[in-house]
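Q: Let's see this in three dimensions:
(2 chains)
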Amino acid sequence: MTDNDDRRYRIAVWVVIASEALLFSGLFALYFSYRAEHEAVFAAGVRTDIAWMGGTNTFLLLTSSLFIALAIALVRDARRGATACIVAVLLLGGGFLALKVAEWSEHIRAGIVPAGSLFFTLYYGMTGLHALHVIAGLALVAWVLIRLRRGRVTRERHLALELVALYWHFVDVVWVFLWPMFYLMRQ
Amino acid sequence: MTIRSLILTFLLLIALAAASWIAAAAGTGTGLALAIAAAKAAAIALVFMELRHAHAVDKVIAVTAILFVVLLCAGTVVDVELR
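A: Residues are numbered from 1 along each chain as shown, chains lettered A, B, ... in the order given. Coordinates of the predicted model:
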């Protein structure tokens, strides 16, 4: 692969991220416009959400971002430990999804369903779309782990790891905004 | 990116997350919550995503996307608020 190919792949991933950002921005706009019209419904919805689960999930995703960035730094320095970092990303991402499933199950048991209110329609829609991105990200991270184990991610050639990390960090950035919107903005 | 700078950025992110939690408990408004979220997103983009040292083309794509996200959200909310 030439340097030109590297540039093309990198630009392609940034374009994918930009497109995804615009997809989520439509939903953010919907959330804030509905919130402006139905302030009390949204504040009550946020108070209903399980705050400790949202907080824990934030910690899990931020930590996973650190580990995937550490994996890149270790590969670039030809040091050991990148595989362990990638396994940690998979475990942390898996933990995020497990907690999300537990949270939804708790809500559904309590009778809080997607069509229950404007807030919960957006809550299930936006966190669900984000969870799909986490699943896609985990599949990509697992693919990178296989490449790493086969010795196909090296100090000289590690573009795949860098591009998957870019996508994983983007998934983290989206959650950084979803967390206050659905768990913290109680007023 | 050095391992030290990555760990320092992570500690900054955790501190900002704690600030979000405290601000919410203190009953501050949506503006502060979103400002802290934006600070966290900037730290992730600049350091973890290495946007600070990225190629100019990557920076143009990222900045354009951020600009359009802000314009779309702000335009929609302003429209609702001014009705």
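
Q: Could you pull out the helices in chain A for me?
A: Along chain A, counting by DSSP state H, helices occupy A:3-37, A:39-48, A:51-76, A:82-109, A:118-149, A:159-179.

Q: Any chance of CSV for these, columns mean neighbour count and distance to B:T28?
A: C-beta: built from backbone N, CA, C; applies to glycine. Listed next are those as CSV, based on neighbours: other C-beta atoms under 10 Å in any protein chain shown; distance: least, C-beta to C-beta, whole Å:
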stretch, mean neighbour count, distance to B:T28
helix A:3-37, 16, 16
helix A:39-48, 16, 13
helix A:51-76, 22, 15
helix A:82-109, 17, 24
helix A:118-149, 18, 20
helix A:159-179, 23, 15
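
Q: Among those, single out whichever gets nearest to B:A25.
A: helix A:51-76 (9.5 Å; C-beta to C-beta).

Q: list the helices and strands that closest one packs on?
A: Where contact means 3 or more C-beta pairs under 8 Å, 6 or more residues apart in numbering or on different chains; DSSP states H and E, helix A:51-76 is packed against helix A:82-109, helix A:159-179, helix B:3-25.

Q: gap between the residue of chain A positioned farthest from its centre and A:Y9?
A: The C-alpha centroid of chain A is most remote from A:T2, which lies 30.6 Å away (C-alpha atoms, centre = their mean). As for A:T2, its distance to A:Y9 is 11 Å (criterion: C-beta to C-beta, to the nearest Å).

Q: what about the helix ranked longest in chain B and chain A, touching?
A: If you go by DSSP H, chain B has its longest helix at helix B:56-81. Yes: for helix B:56-81, a contact with chain A is found by C-beta under 8 Å from any C-beta of the partner chain, at B:57-58, B:61-62, B:64-66, B:68-69, B:72-73, B:75-77, B:79-81.
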